[in-house]
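Chemist: Please find the sequence and the predicted model below.
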Amino acid sequence: MQKVRLAVCIRDQEYANRFTNCLLGHYGSRFELHLFTGAVQLLEAQPESYDVLLCSDRAEELEKILGKWQIPVVCLLEEEQERELYAHMEDAEGRLCFVDKYQEVNRIVDEILKRIGDEIRNVQQTGSISPRCRLAGVYSLSENEYQLPFTVTLGSILGEQERALILDLQENSGFSQLAGRGGNMGLEELLVMAETEKFARGRLMSCIGHLDRVDYIYPVENTECLCEAALETYLKVLQMLTQELDYGVIIINFGARFVGFFEVLNRCQEIYLMQKRGGLCQWRESEFMEELEAKGYQELMQRMTKVELPIMTEPAVSCERLVEQWKWNEFGDCIRKMTPGAAGIG
């Protein structure tokens, strides 16, 4: 993948250092950085050498820069009132974009990438998943109402130290009530792109929402399409997400078994199996393990963590605070203890 040549001119040195360190740490494979100390340097540079400019400067200097630089420009603003300084600027070509300076870096990165273009590309036929990103699967044979809280809480905890994305394949999981849809197609759009084998980065980015410390693919409205999609389609979806986006982990919340369910599950480096003691649960689990062995997935069992979560008795608060409630009560503590590298987060 060709790196994006990003020119950066931010006067606030402390902010600039933190931003560039974070960018290189999480997106080093995606960006090639070129740092400038001020507008004078920018006006002396050759703008055609870069793909996009990220800056934080005064209005009069920005006008001069726009007059010379014909590439997309993303301008950081500290306060909403600053927009008045730029209200007189005309941007007929849509090259200029204003974003909030004090927000998560991945949100700023998304805006930068949207400026680059939306060329249509073909999905490769390999179906290979990038080794830079690992997959974590969540599945239940009985207590599946706990899958959603577990998945979201796990994603939020992992999101403290790496970029995390949730892919919800569980029918009627309740995720759309928690995160909202915002008019986006999400997973349905991803499945269409995978089946037609054509995608555009802007279209891919439009499928993604954000909740607490974790990103997510907007869930489907027509849940029947979850079982109708073929194995090759799901593999191409994972291929696009892992190769085109810089996530450290994608958490898949599995639902009903589609054709190729076990193959996708086997691609997961970490598998969390929800458990419930008593009744027929132990028999169901035993049959599941026997089926794995019969299908030749014995090695998969070694990557499986059996999860018996504490019952959540506290009433649910508003959706805005629900993830925080899950994350910092006994439920979240239980997840931290079983998650590699997350125990020290807090």
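Modeler: Ah, there it is.
Chemist: all contacts plus neighbour counts: C-alpha atoms, from now on.
Modeler: OK.
Chemist: which regions of the stretch 1-150 of the chain sit below the pLDDT cut-off?
Modeler: Residue ranges of the stretch 1-150 of the chain with pLDDT under 70: 1-2, 26, 29, 57-60, 80-94, 117-122, 124-127, 143.
Chemist: What are the boundaries of the helices in it?
Modeler: 13-27, 39-44, 59-68, 105-116, 147-158 (DSSP state H, counting those that start in this stretch).
Chemist: Return the most buried member of those.
Modeler: Across these, averaging neighbours per residue (mean count of other C-alpha atoms under 10 Å) puts helix 147-158 on top, at a mean of 24.
Chemist: Past that one, which element shows up next along the chain?
Modeler: strand 164-169 (DSSP states H and E).
Chemist: That next one - what's its average pLDDT?
Modeler: For strand 164-169, mean pLDDT is 95.
Chemist: need the next SSE after that strand, C-terminal direction.
Modeler: Heading C-terminal from strand 164-169 (DSSP H and E), you reach helix 175-179.
Chemist: what sits up against that following helix?
Modeler: Leu148, Asp168, Gly209, Leu211, Tyr218, Pro219, Cys319 (C-alpha atoms under 8 Å, 6 or more residues apart in numbering).
Chemist: so which of those comes closest to Cys227?
Modeler: Closest to Cys227 out of those is Asp168 (12.9 Å), distances taken as C-alpha to C-alpha.
Chemist: Surely the closest one and Phe254 touch.
Modeler: Yes - if you go by C-alpha atoms under 8 Å, Asp168 and Phe254 touch, sitting 6.8 Å apart.
Chemist: the more surrounded of these two?
Modeler: More crowded of Asp168 and Phe254, by other C-alpha atoms under 10 Å: Asp168, with 28 against 24.
Chemist: partners of the more buried one in the sheet?
Modeler: Asn253 (DSSP bridges).
Chemist: Which neighbouring elements make contact with the helix or strand where Leu273 lies?
Modeler: Using DSSP H and E, Leu273 sits within strand 270-274. When contacts are defined as 3 or more C-alpha pairs under 8 Å, 6 or more residues apart in numbering; DSSP states H and E, strand 270-274 sits against strand 134-140, strand 304-307.
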